[in-house]
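Asks: return a 3D structure for these sequence lines:
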Amino acid sequence: MKDGIHPEYREVVFQDISADFSFLTRSTVTTKDTIKWTDGKEYPLVRIEVSSQSHPFYTGKHMILDTTGRVDKFRKKFGK
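Replies: Numbering: from 1, shown residues only. Modelled structure (predicted):
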């Protein structure tokens, strides 16, 4: 690998602001904020709006669209 062309790969804390959920992982994202993690070390902090704790698909609160009857509605409205 060439020196100086790759971003720094480091441990980062991602914090879901809508669900009060945080997780530690590795990333190349840059940020100015830091947070003290449970192990006592300070890590860069990235605030996100959606994670697996707040996304409707993963929480089971997603809406299922009713696609049945669309063709019948169309035919009833525009068909002969």
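
Asks: next SSE downstream of the least confident helix or strand in the chain by mean pLDDT?
Replies: For the chain, scoring each helix and strand by mean pLDDT, DSSP states H and E identifies helix 56-59 as the least confident one, at a mean of 61. Per DSSP states H and E, the first helix or strand lying C-terminal to helix 56-59 is helix 70-78.

Asks: give the contact list for residue 49.
Replies: Counting by Cβ atoms under 8 Å, 6 or more residues apart in numbering, residue 49 touches 16, 17, 18. C-betas here are computed from N, CA, C, even on glycine.

Asks: a markdown table for those, including distance to residue 72, neighbour count and pLDDT?
Replies: Converted to a markdown table, the contacts of residue 49 look like this (distance: Cβ to Cβ, whole Å; neighbours: other Cβ atoms under 10 Å; pLDDT from 0 to 100):
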| residue | distance to residue 72 | neighbour count | pLDDT |
| --- | --- | --- | --- |
| 16 | 41 | 18 | 86 |
| 17 | 43 | 13 | 85 |
| 18 | 39 | 12 | 82 |
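
Asks: residues contacting the closest residue to residue 23 other than its chain neighbours?
Replies: Leaving aside its chain neighbours, residue 23 sits nearest to residue 14 (5.7 Å; criterion: Cβ to Cβ, 6 or more residues apart in numbering). Contact analysis of residue 14 by Cβ under 8 Å, 6+ apart lists 22, 23, 25, 27, 46, 48, 51.
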